[in-house]
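Trainee: I would like to see how this sequence folds:
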Amino acid sequence: MSKLITRLKVSLIALLGIGPVLELLAAQAQPGSSVPQPGDVAADPLGSDIAIPWPQIQAALARAQQQNQPLTLFERTAPLSSPDGGSAVYSRLLIQARPQLLESKVSSVLFWQDLRTGEIQAVAASQPRESREAATAELTGLAVLVPVAWSGSGLQVLCRDFQGGFATDFISDYALVWDRQQRQTFLLAPHSVRYSNAILLGWSRQHPDRALFKAGLIGEANWPQWTVQLDGQTAAAPEDQPLR
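Mentor: Numbers count the residues shown, from 1 in each chain. Next comes the predicted model:
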């Protein structure tokens, strides 16, 4: 967990680009640990092993700043086939990098494809939910949606919905579940729990119809685990493991 917290601190600095954050993180650093520097790079903003195209996003943001001109790129995740092999889901990311970091934006769309007919449908989308701008202004920040695993029945797919704000300390995972039978999406996060950051681990092994999270506060040594049902009900899951 200490390595996770360090990676999270590093990512906050690199993501937010705010110098004063260094003082806060230095105060939180454990004795004998090094303080992250702005140029450090983490493989994942939250230290998750559910991969997002983070290197590509960082490269696009850096290139826009270096060239001092806007840059628009698309990234597509690898397809995730359903248990019966008849369909697959993938997401497409729209990276809108701007010379001014706070004006940059990453949004995502989840697609379902019938592998027999070739039919493709957009079934869900994710936009940044936090911003320093007024509520009436266009939101900036990160909304990175990647498929994680199908349910055992093959009727639902779990996606990691990573969210981050450029001018806030907001950086956290949500779970987006798409039910292909009901054609409905569910957005999940731990509820009635005190935490600053959440990490999606996958489907719960003990309760396969629930999403499993680890959530806690920066600086805490041990982050508890929680399962979240589709209706948002949250329960402690200290002995649970991810199923994906």
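
Trainee: what comes up buried for stretch 161-168?
Mentor: Asp161, Phe162, Gln163, Gly164, Gly165, Phe166, Ala167 (16 or more other CB atoms under 10 Å). C-betas here are computed from N, CA, C, even on glycine.

Trainee: would you list every one of the helices in the protein?
Mentor: Secondary structure of the chain (DSSP state H): helices located at 2-16, 21-28, 54-67.

Trainee: in the protein, which helix or strand is least confident?
Mentor: None of the helices or strands of the chain scores lower by mean pLDDT, DSSP states H and E than helix 21-28, at a mean of 30.

Trainee: show me the shaky parts of the protein.
Mentor: 1-42, 130-139, 167-168 (pLDDT under 70).

Trainee: dead centre of this structure: give me the residue that sits there.
Mentor: For the chain, the residue sitting closest to the mean C-alpha position, by CA atoms, centre = their mean, is Phe162 at 1.5 Å.

Trainee: from what I can see it touches Leu142, true?
Mentor: Yes. Phe162 sits in contact with Leu142 when judged by CB atoms under 8 Å, with a separation of 6.6 Å.

Trainee: skipping adjacent residues, who's closest to Leu200 in space?
Mentor: Nearest residue to Leu200 in three dimensions, chain neighbours excluded: Asp173, at 4.2 Å (CB to CB, 6 or more residues apart in numbering).

Trainee: got it, and Gln184?
Mentor: Trp178 (7.6 Å).

Trainee: mind checking how far the residue of the chain most remote from its centre is from Asp84?
Mentor: What lies farthest from the middle of the chain is Thr117; by CA atoms, centre = their mean that is 31.1 Å. Distance, Thr117 to Asp84, using CB to CB, to the nearest Å: 14 Å.

Trainee: and the contacts of stretch 169-176?
Mentor: 8, 11-12, 15-16, 21, 45-46, 48, 110, 124, 126, 130, 141, 145, 158-165, 185-189, 196-200, 211, 213, 228 (CB atoms under 8 Å, 6 or more residues apart in numbering).

Trainee: give me that answer again for 7 Å
Mentor: Contacting residues not belonging to stretch 169-176 are listed as 11-12, 15, 45-46, 124, 126, 130, 145, 158-164, 185, 187-189, 197-200, 211, 228 [CB atoms under 7 Å, 6 or more residues apart in numbering].

Trainee: ok, which stretches of this structure are strands?
Mentor: Applying DSSP state E to the chain gives strands spanning 71-76, 80-81, 87-97, 105-114, 120-126, 141-150, 156-164, 171-179, 184-188, 197-204, 211-216, 225-228, 234-236, 242-243.

Trainee: can you spell out which helices and strands pack onto the first one?
Mentor: Contact partners of strand 71-76 among helices and strands, from 3 or more CB pairs under 7 Å, 6 or more residues apart in numbering; DSSP states H and E: helix 54-67, strand 87-97.

Trainee: and those as a markdown table, adding distance to Ala237?
Mentor: Output for the helices and strands packed on strand 71-76, formatted as a markdown table (distance: least, CB to CB, whole Å):
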| stretch | distance to Ala237 |
| --- | --- |
| helix 54-67 | 27 |
| strand 87-97 | 26 |
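
Trainee: so for Gln206, which of those sits nearest?
Mentor: strand 87-97 (24.8 Å; CB to CB).

Trainee: by contact count, what packs against that closest one?
Mentor: Against strand 87-97 (3+ CB pairs under 7 Å, 6+ apart) you get helix 54-67, strand 71-76, strand 80-81, strand 105-114, strand 141-150.

Trainee: buried ones in that strand, by neighbour count?
Mentor: Ser87, Ala88, Val89, Tyr90, Ser91, Arg92, Leu93, Ile95, Gln96, Ala97.
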